[in-house]
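Visitor: next come a sequence and a model predicted from it.
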Amino acid sequence: MIIDLIVFIPVIAALAIGLGAEGRKTALGAAGANLILGLIVISELMRKGGEELIFETSTVILENPKLTLGFAVDGMSGVLLLLTVIVTFCAVYVSPEKAPDGKVKLYHIAPLLISAGALGAFCSTDLFFLFAFHELALIPTFLMIGLYGHGRDKLAVAWKITIYLGVGSLILLGGLIALYSNLTSAESATFNIADLTAIAETMQLDQEVQKWIFLPLFLGFGILVSLFPFHSWAAPAYASAPTSIAMLHAGVLKKFGLYGILRVAMPMLPKGFEAWEGLILVLLLGNIIYVGFVTISQKYLDRMLGNSSVMHMGYAFLGIACVNHIGWNGAVLMMFAHGISIALLFALCGSLRERLSTLELSEIGGLASKVPFLAVSFGFAAFASIGLPGFANFASEITILFGAFNGAGEVGNLQKAAILALWGVVISAVYMLRAYRNVFQGDSAQGLTLVRRDSLNKIPIILMIVVLLLTGFFPNLILSMLPS
Amino acid sequence: MPAYYLEILILLLGFTMLGIEAFSSNRSRSGIAVLGISGLFVVLLFLIIAVPSSEVPYDYWGIYHVDKWALFYKAIAILTTLLVLVLAKDFSSAFKKYTSQSNEFSGIGEYYCLPIFVCAGLMWMASAKDLITIFVSLELVTIGFYVLVSFMRRNVGSLEAGVKYLVLGALSTGFLVYGIAWIFGVTGHFDLSGIAEALNSGEIEKKPIIFAFALLMVGLGFKVAAVPFHIWVPDVYQGTSMPITAFLSVGSKAAGFIVLLRVIEPFLNSPLTSSSVILILSFLVCVTLFFGNLVAIKQTNIKRLLAYSSIAHAGFLMMALPAMESGFHSKLIGPSPMESISFYLAGYLLMTMLCFLVITIVSSLTDGENIDDLRGLGARSPLLAFAMLVGVASLAGIPLTVGFFGKFLLFNIAIQYAVFSGSWYIVAFAVLGASAGFYYYFKIIRAMYCGGAEQDGDQLALTISTLSRVVIIVLLAGVILCGVFPKLILGFL
């Protein structure tokens, strides 16, 4: 019941805003309520250990094939639920009262709908609704970027993200249908994830069948995570999107694809993964190394952050490719840590954008003395993003590397990929530190002024930094909920 | 009450309305529309309540067949006609400009009556299991449409549409009759069960029967707007008045599909013809999906866009037809092709009518039919814009709408059939088509919300009549609820 509440509170709040309730207050109330409910769910999960599904609800909506509208959480869902409610709360908190054109409704409805979609997708017990809820975000994202995006090519960017995600989800849908129809028969057709996993474990589909079902699933989910070479929608979209949307999309929604791979593709089609392992390792190195260099070459702060978020997805894929619980837990922790840190970075970047006339790195400089709080928190966020010890990102990356070398008697492909991926840490140190130096230290070019007063809300920023530090020093807070 | 009373009631309703229109002195004709709407509603209630289930399925005289499918499609026909009358009532103010010289309502009475007779034809089509009955009911529908399409007699576009529809419609009828003649010549039967027996008897040659089937497909392809028999669709949709566009798009297509499903079944289940029939169908599906979706991308007129979208939807619907092959039937997981197509058509009725209702209201006030004329709708009328948003999202197949669930069911069948038969090209075309759909439907969304700043001049508030408001809200709720709880529709099947 409590999960149903968490999923539907944002929807109801969005409806209320649509019918005339005050925009920001309603959204903030809903996000705050969700934050509290989310913490209750997490405390219960910590008590139970996160192995089995708790708070399960279900409503059968179709008998053949069996579709249920139902929610439940286990450890992995719980971590992502926590991520979503934290980022939603912060995203709603930092968005201004009114949109740039003075309108209120859509500006506050969109983040809530995206949040509801993510929550529904992460907590669904049913494959059908896992898919369906994710796409709830498609139209709000399109409208928010098209209407309130930054930059001259915002419409092109809005089209690009919509079509990429639309095509990705269609391929995914095809894969999901092929999966369930191969696993079940006409009498016992079901979309229940737990049932399907159990069937897949006992029945073990042929290698060849697994191989060809795994491909569309991985491609579909991969496009949604901006897997190389399908990543080109992500950076421009995040750079262009309004702050709250960038935070939610980069921080939360993108994790859906990884969640789907971990929840559906890997457990149900282990041999399918084996068949494509080599290709997947190459692609994830493309994310880390190639996109890493692309990130270094960026001239604008927002584009750089967008690309860095694409790059870090490579580590999550590496964790998945370990095919053991250490690596998978590392990937989940990575999703959480990256989600918070990238949301924090975009929040700060949005605040900079409001106050500066440009975000070109070579133009700005020396802001540390003018906006000390922003500078310090950006420093925290940048260090977290690089993966400095003490932040959750470090804990996740090291866990993934442990996973990659766990029980390896010799240096295989996975280990070689992991060694190469390590260089990504150096790459991210290069671009993050350079960005920090350019923005906050040294001198600014002529004519650059802070055009607006400091309007940054400190509460959400501090909240996100605290979460990062807390889970960085005590990663077991998260890891204890995941299977070992 | 026997089921055929429904058609008789509908005809009585139509004659009553004609009588009132002829002898009433009241200048405003909206009373006739209200009578039609309420009359259709009563008949719909009769259909749901009064037709006893003990009679289903039942054959009357071997030519009139009642089963649950027939009743379902009769309900779709009545509901469509009812909504078309609602549209026509909203459209009447723009419409009178083209019907009478003195700009009065007097010329539009028949406009409310003719759809009722078309509705009777559509309902009869749902019960036809005999090629002669199919032909006669089809003609009742088509002749009604000939008049309705060109009803705006002072509008050149409407007349042109009427002529196009007449010529091409007559041509397709010719093919249909010729095909029926060939089938009778080869099998010696008009009724579909007799044809099925003859096909399985092993005494028939393959070539003439395939030729006859191909001729039938030309005629029926015209009705459901399948490529390459779609040439009339964009021009007629664009030229005629908005309510009739909606009627053609929903009513004509739904009735065409029930006939198509009934006619195809014996051919698919006979070992003699099934492989060739599947080949013909697969070809039609692929070109329809490809052409309908890709040409829609370029359209700027919203009626033309919806015309190509209607072609595209015909393609998605036909995707399930090859899967009716008897060898595949027992292997299918989930609702059967018949159920899925019926679900999709019911959903298509809801979402298309929702879109047309919004466009009708907007265009009757602003007189524009381009996508750009929707600019700023989000600010001018949030309800209309939201309704259009949901309708278009559903047409594009965004989850948690009825359109998505319909597409899900059809993809479910197509993918399983591809696994069964090993040919994946239909699925590939469908994925290509559906992704193109994201673009051209979202163009409408963009226009409604992202445009409009430069058009501050004509920010006139839109007035919506109470009836339309109620209908919009009902359809809106229907699109979303049936998308989340598909049993609301599937429960009837």
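Guide: Noted; the coordinates are in hand. Residues are numbered from 1 along each chain as shown, chains lettered A, B, ... in the order given.
Visitor: measure the closest residue in space to A:Pro111 that isn't next to it in sequence to A:Pro10 for me?
Guide: The shortest distance from A:Pro111 to any non-neighbouring residue, by Cβ to Cβ, 6 or more residues apart in numbering or on different chains, is to A:Ser244 (4.7 Å). To be clear about C-beta, it is placed using only N, CA and C from the backbone, and glycine gets the same treatment. Here A:Ser244 is placed at a distance of 13 Å from A:Pro10 (Cβ to Cβ, to the nearest Å).
Visitor: repeat that for B:Ser38.
Guide: 41 Å.
Visitor: the two - which one has more neighbours?
Guide: A:Pro10 (29 against 13; other Cβ atoms under 10 Å in any protein chain shown).
Visitor: let me see the contact set for the more buried one.
Guide: A:Ala30, A:Ala31, A:Asn34, A:Thr88, A:Leu112, A:Leu113, A:Ser115, A:Ala116, A:Leu119 (Cβ atoms under 8 Å, 6 or more residues apart in numbering or on different chains).
Visitor: now, which of those residues lie within helices?
Guide: Among those, DSSP state H puts A:Ala30, A:Ala31, A:Asn34, A:Thr88, A:Leu112, A:Leu113, A:Ser115, A:Ala116, A:Leu119 in helices.
Visitor: what mean pLDDT does stretch B:347-355 get?
Guide: Across stretch B:347-355, the average pLDDT comes to 93.
Visitor: with only the CA atoms kept, save that stretch in PDB.
Guide: Taking Å, rounded to 0.1, in the frame of the first residue of the first chain, the C-alpha atoms of stretch B:347-355 are listed here in PDB:
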ATOM      1  CA  GLY B 347      -9.500   2.000 -28.800                       C
ATOM      2  CA  TYR B 348      -9.100   3.700 -32.200                       C
ATOM      3  CA  LEU B 349     -12.700   4.800 -32.000                       C
ATOM      4  CA  LEU B 350     -12.100   6.500 -28.700                       C
ATOM      5  CA  MET B 351      -8.800   8.200 -29.500                       C
ATOM      6  CA  THR B 352      -9.600   9.300 -33.000                       C
ATOM      7  CA  MET B 353     -13.000  10.700 -32.100                       C
ATOM      8  CA  LEU B 354     -11.300  12.600 -29.200                       C
ATOM      9  CA  CYS B 355      -8.800  14.200 -31.700                       C
END
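Visitor: close to chain A, is it?
Guide: No. Judged by Cβ under 8 Å from any Cβ of the partner chain, stretch B:347-355 stays clear of chain A, getting no closer than 14.3 Å.
Visitor: distance from that stretch to the middle of the chain?
Guide: Relative to its parent chain, stretch B:347-355 has a centroid offset of 10 Å by Cα atoms, centre = their mean, to the nearest Å.
Visitor: how far off centre is the strand or helix carrying B:Ala70?
Guide: Element membership for B:Ala70 (DSSP states H and E) is helix B:68-95. On the basis of Cα atoms, centre = their mean, helix B:68-95 sits 11 Å off its chain's mean C-alpha point.
Visitor: so what touches stretch B:166-173?
Guide: Stretch B:166-173 is contacted by residues B:138-139, B:142, B:145-146, B:150, B:218-219, B:221-223, B:229, B:231-232 when judged by Cβ under 8 Å, 6+ apart.
Visitor: now intersect those residues with the helices, please.
Guide: B:Leu138, B:Glu139, B:Thr142, B:Phe145, B:Tyr146, B:Val218, B:Gly219, B:Gly221, B:Phe222, B:Lys223, B:Trp232.
Visitor: tell me the one among the contacts of A:Pro10 nearest to B:Leu159.
Guide: Nearest to B:Leu159 among the contacts of A:Pro10, counting by Cβ to Cβ, is A:Leu113 at 46.3 Å.
Visitor: show me what residue of chain B gets nearest to chain A.
Guide: Nearest to chain A in chain B, going by Cβ to the nearest Cβ, is B:Pro399, at a distance of 3.5 Å.
Visitor: pretty sure that residue sits against A:Phe131.
Guide: Yes. Counting by Cβ atoms under 8 Å, A:Phe131 is a contact partner of B:Pro399 at 6.8 Å.
Visitor: and the residue in chain A that chain B sits nearest to, which helix or strand is it part of?
Guide: Using Cβ to the nearest Cβ, the single residue of chain A nearest to chain B is A:Ala132, 3.5 Å away. Assigned by DSSP H and E, A:Ala132 belongs to helix A:127-134.
Visitor: show me what that helix packs onto, helices and strands only.
Guide: On a contact count with 3 or more Cβ pairs under 8 Å, 6 or more residues apart in numbering or on different chains; DSSP states H and E, helix A:127-134 meets strand A:67-73, helix A:105-123, helix A:154-183, helix A:193-203.
Visitor: still on that earlier bit, with just CA atoms, put the helix or strand following the helix holding B:Ala70 into CSV.
Guide: The helix or strand immediately downstream of helix B:68-95 is helix B:109-127, counting by DSSP H and E. Provided in CSV are the C-alpha atoms of helix B:109-127 (Å, rounded to 0.1, in the frame of the first residue of the first chain):
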residue,chain,number,x,y,z
GLY,B,109,-31.0,18.7,-41.8
GLU,B,110,-30.2,15.8,-44.0
TYR,B,111,-26.6,16.0,-42.8
TYR,B,112,-27.9,14.7,-39.5
CYS,B,113,-30.1,12.0,-41.0
LEU,B,114,-27.8,10.4,-43.5
PRO,B,115,-25.3,9.1,-41.0
ILE,B,116,-28.2,7.2,-39.4
PHE,B,117,-28.7,5.2,-42.6
VAL,B,118,-25.0,4.7,-43.0
CYS,B,119,-25.0,3.3,-39.4
ALA,B,120,-27.7,0.8,-40.4
GLY,B,121,-25.4,-0.3,-43.2
LEU,B,122,-22.4,-0.6,-40.9
MET,B,123,-24.4,-2.7,-38.4
TRP,B,124,-25.6,-5.0,-41.2
MET,B,125,-22.1,-5.4,-42.4
ALA,B,126,-21.2,-6.7,-38.9
SER,B,127,-23.8,-9.5,-39.3
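Visitor: which elements pack onto helix B:109-127?
Guide: Using 3+ Cβ pairs under 8 Å, 6+ apart, helix B:109-127 sits against helix B:4-23, helix B:30-49, strand B:64-66, helix B:68-95, helix B:131-149, helix B:253-269.
Visitor: got the angle for it vs helix B:68-95?
Guide: Per axes from the mean of the first three to the mean of the last three Cα atoms, to 10 degrees, the angle that helix B:109-127 makes with helix B:68-95 is 160 degrees.
Visitor: quick one: mean pLDDT for helix B:109-127?
Guide: Per-residue scores along helix B:109-127 average to 91.
Visitor: next, A:Met481: phi, psi?
Guide: phi -90, psi -10 (degrees, to the nearest 10).
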